[in-house]
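Peer 1: Sharing a sequence plus its predicted fold:
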Amino acid sequence: MTIKAIRVHKTGGPEVLQYDDVELAAPAAGQVRVRNKAIGLNFVETYFRSGLYPVSLPFTLGSEAAGIVEAVGEGVTNLKVGDRVAYNSGGAYAEATNVPAIRALPLPDAVSFEVAATLLLKGATAEYLLRRTFRVEPGQTILWHAAAGGVGLIATQWAKHLGCTVIGTVGTDEKAALARAHGCDHVINYRSENVAERVKEITAGRKVPVVYDGVGKDTFLASLDCLAPRGLLVSFGNASGPVTGVDLGILAAKGSLYVTRPTLATYAATNEDYAEIGKNVFDVVAKGAVKVQINQHYKLADAAQAHRDLEARKTTGATILVP
């Protein structure tokens, strides 16, 4: 069958994204074909598009979507035609996608296609960061950079639900208000305030046991200065560019600090872990502890403009592409 999809034939800026006709085969053994109703937009997709994360060319971009199963391959027993599902799998920027059945998770009735499409990757990222990379506990104070971003708005609500005091950083007053409305007890505007000094003030000099940093190069040193001795910097993204040329002696000088560069692929590598993470994400949303705010909608054909706006930090909250 012929479908429309966003293809990358050469790496580069948003202009390399092409809205192509693609032949989609019948689902292979162990696969299901999902007719996508909504597709999530994630910063990690700009890394694949630009070539920062190498991949064989050409390829269909995309990390997550939600829709309806419209065909099943041989041997699939956990899903049937008509099931509502969400998935985290490559090739999601398309009208339909063949995905491994074990990576397509049944979608509770309480969670819409649009919410699910923006939720699984970002929500799963928040889950493994807060519950696995560093398991936050009630009473702790944590720092989250880019608190008004897609992952940030989910994670800060979740951390607040878990009993944390949440400090978030943002770049505008508008984003500060958004962060406060989504669980942040304290918000620091990094354009007008010294982040490390404000964290010291907020914590009465104790600083924090963990910093979650998806920004990368621009925030790396400030993040280290916010950590208490033996604290952990969780560097999980490169929105401002990758961190390079790190002198490990800095970690000693600033208090025997730890740094980790985790990925969802590692934490959700087994089917069991992936299913558990997905269930935890859907549960926390279904019970109302985490609310997803979708602030931007783009047609799938306009994916290039969506990437431009995302990289220019013009977006807040979640964004979806609509086939």
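Peer 2: Looks like it came in fine. Residues are numbered from 1 along each chain as shown.
Peer 1: contacting residues around stretch 284-303?
Peer 2: Stretch 284-303 is contacted by residues 4, 6, 14, 17, 19, 39, 41, 61, 93-95, 108, 110-111, 114-115, 118-119, 123, 153-154, 157-158, 161, 178, 182, 305-306, 309, 315-323 when judged by C-beta atoms under 8 Å, 6 or more residues apart in numbering. C-beta here means a position set from N, CA and C on the backbone, and glycine is covered the same way.
Peer 1: for stretch 209-216, same thing?
Peer 2: With contacts defined as C-beta under 8 Å, 6+ apart, stretch 209-216 is touched by 43, 129, 134, 136, 140-146, 149, 151-152, 155, 219-220, 223, 226-228, 231-243.
Peer 1: Would you confirm that residue 219 contacts residue 240?
Peer 2: Yes - with contacts counted by C-beta atoms under 8 Å, residue 219 reaches residue 240, the gap being 7.1 Å.
Peer 1: can you list residues touching both of these two?
Peer 2: With C-beta under 8 Å, 6+ apart, residue 219 and residue 240 have no common neighbours.
Peer 1: Just the buried residues of the contacts of stretch 284-303.
Peer 2: Among the contacts of stretch 284-303, those classed as buried by 16 or more other C-beta atoms under 10 Å are 4, 6, 14, 17, 39, 41, 61, 93-95, 111, 114-115, 118-119, 123, 153-154, 157-158, 178, 182, 306, 309, 315-323.
Peer 1: Narrow those residues to those in strands?
Peer 2: 4, 6, 17, 39, 318, 319, 320, 321, 322 (DSSP state E).
Peer 1: What is the lowest-pLDDT residue among those residues?
Peer 2: Among those, residue 318 has the lowest pLDDT, at 83.
Peer 1: State the distance from that one to residue 260.
Peer 2: Between residue 318 and residue 260 the distance is 26 Å, computed by C-beta to C-beta, to the nearest Å.
Peer 1: and the residue nearest to residue 50 when sequence neighbours are not counted, how many residues sit next to it?
Peer 2: Closest residue to residue 50 apart from its sequence neighbours, by C-beta to C-beta, 6 or more residues apart in numbering: residue 11 at 5.8 Å. For residue 11, the neighbour count with other C-beta atoms under 10 Å is 16.
Peer 1: Could you pull up the residues touching residue 11?
Peer 2: With C-beta under 8 Å, 6+ apart, residue 11 has these contacts: 49, 50, 51, 57.
Peer 1: got the residues you listed as CSV, with pLDDT columns?
Peer 2: What follows is the contacts of residue 11, written out as CSV (pLDDT from 0 to 100):
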residue, pLDDT
49, 97
50, 96
51, 95
57, 96
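Peer 1: among these, which are in helices?
Peer 2: Mapping those onto helices (DSSP state H) picks out 49, 50.
Peer 1: how about the residue nearest to residue 115 when sequence neighbours are not counted, secondary structure?
Peer 2: Excluding its sequence neighbours, the residue lying closest to residue 115 (C-beta to C-beta, 6+ apart) is residue 292, at 4.8 Å. Three-state call for residue 292 (DSSP: H, G, I helix; E, B strand; the rest coil): coil.
Peer 1: Could you report the neighbour count for residue 292?
Peer 2: When neighbours are defined as other C-beta under 10 Å, residue 292 has 22 of them.
Peer 1: If I look at it, what pLDDT would I see?
Peer 2: Here, the pLDDT recorded for residue 292 equals 88.
Peer 1: Then residue 122?
Peer 2: pLDDT, residue 122: 87.
Peer 1: before we move on, what about the one 10 residues further on?
Peer 2: Per-residue confidence at residue 132 stands at 98 (pLDDT).
Peer 1: List the contacts of the nearest residue to it once chain neighbours are set aside.
Peer 2: Spatial nearest neighbour of residue 132, excluding adjacent residues (C-beta to C-beta, 6+ apart): residue 267 at 5.6 Å. Shown in contact with residue 267 (C-beta under 8 Å, 6+ apart): 128, 132, 133, 273, 277.
Peer 1: And the residues you listed, which two are furthest apart?
Peer 2: Greatest spatial distance in the contacts of residue 267: 133 and 273, 12.9 Å, computed using C-beta to C-beta.
Peer 1: Which one of these two is surrounded by more residues?
Peer 2: Legend: neighbour count by other C-beta under 10 Å for residue 133 and residue 273, higher for residue 133 (19 against 15).
Peer 1: just to revisit the earlier point, buried subset of the contacts of residue 11?
Peer 2: Looks like the contacts of residue 11 have 49, 50 buried, using 16+ other C-beta under 10 Å.
Peer 1: Compute the number of surrounding residues for residue 202.
Peer 2: Neighbour count of residue 202, defined by other C-beta under 10 Å: 19.
Peer 1: do residue 308 as well
Peer 2: Counted with other C-beta under 10 Å, residue 308 comes out at 15.
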